[in-house]
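**Q** what follows is a predicted protein model with its sequence.
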Amino acid sequence: MLMFFDGERPDLWEVLSERLDMGGDMCPGASGRRWCKDLCAAAWRIWMEVYGAERGEQRLKEMPDLKR
């Protein structure tokens, strides 16, 4: 999902803005760009929470002296 929505994709932003039907965009694609940015931020938070927890558990197994 991140690879699709992340990055500079003005054509995607415009299509999403049309689909979101936000109306009143002063800049074409602005709503789509904000939506992509928020979606990617949420995806990163979830990924880091899951992946970070897995990595942390793995590190504790590999380095028992880190346990508190």
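**A** Structure received. If you're wondering where the values come from, they're calculated on a predicted model, not measured in any experiment.
**Q** spatially central residue in the protein, please.
**A** residue 40 (1.6 Å; CA atoms, centre = their mean).
**Q** and residue 38, what does it touch?
**A** Under the criterion of CB atoms under 8 Å, 6 or more residues apart in numbering, residue 38 has no neighbours. For the C-beta atoms, the positions are set from N, CA and C on the backbone; glycine is no exception.
**Q** again, only using 10 Å
**A** residue 5 (CB atoms under 10 Å, 6 or more residues apart in numbering).
**Q** max-length helix in this protein?
**A** helix 30-62 (DSSP state H).
**Q** just the pLDDT for the residue nearest to the centre of the chain.
**A** In the predicted model, residue 40 carries a pLDDT score of 92.
**Q** just read off the phi/psi values of the closest residue to it other than its chain neighbours.
**A** Spatial nearest neighbour of residue 40, chain neighbours left out: residue 6 (4.9 Å); criterion: CB to CB, 6 or more residues apart in numbering. Torsion angles at residue 6 (phi, psi; degrees, to the nearest 10) stand at phi -80, psi 150.
**Q** wait, doesn't residue 6 sit right on residue 39?
**A** Yes: Residue 6 is in contact with residue 39 according to CB atoms under 10 Å; the separation is 8.9 Å.
**Q** now do the contacts for residue 5.
**A** Taking CB under 10 Å, 6+ apart, one finds 12-13, 16, 32, 35-40, 43 in contact with residue 5.
**Q** I'd like these as JSON lines, with distance to residue 62 appended.
**A** JSON lines is the format used below for the contacts of residue 5 (distance: CB to CB, whole Å):
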{"residue": "12", "distance to residue 62": "41"}
{"residue": "13", "distance to residue 62": "43"}
{"residue": "16", "distance to residue 62": "43"}
{"residue": "32", "distance to residue 62": "43"}
{"residue": "35", "distance to residue 62": "40"}
{"residue": "36", "distance to residue 62": "37"}
{"residue": "37", "distance to residue 62": "36"}
{"residue": "38", "distance to residue 62": "36"}
{"residue": "39", "distance to residue 62": "34"}
{"residue": "40", "distance to residue 62": "31"}
{"residue": "43", "distance to residue 62": "28"}
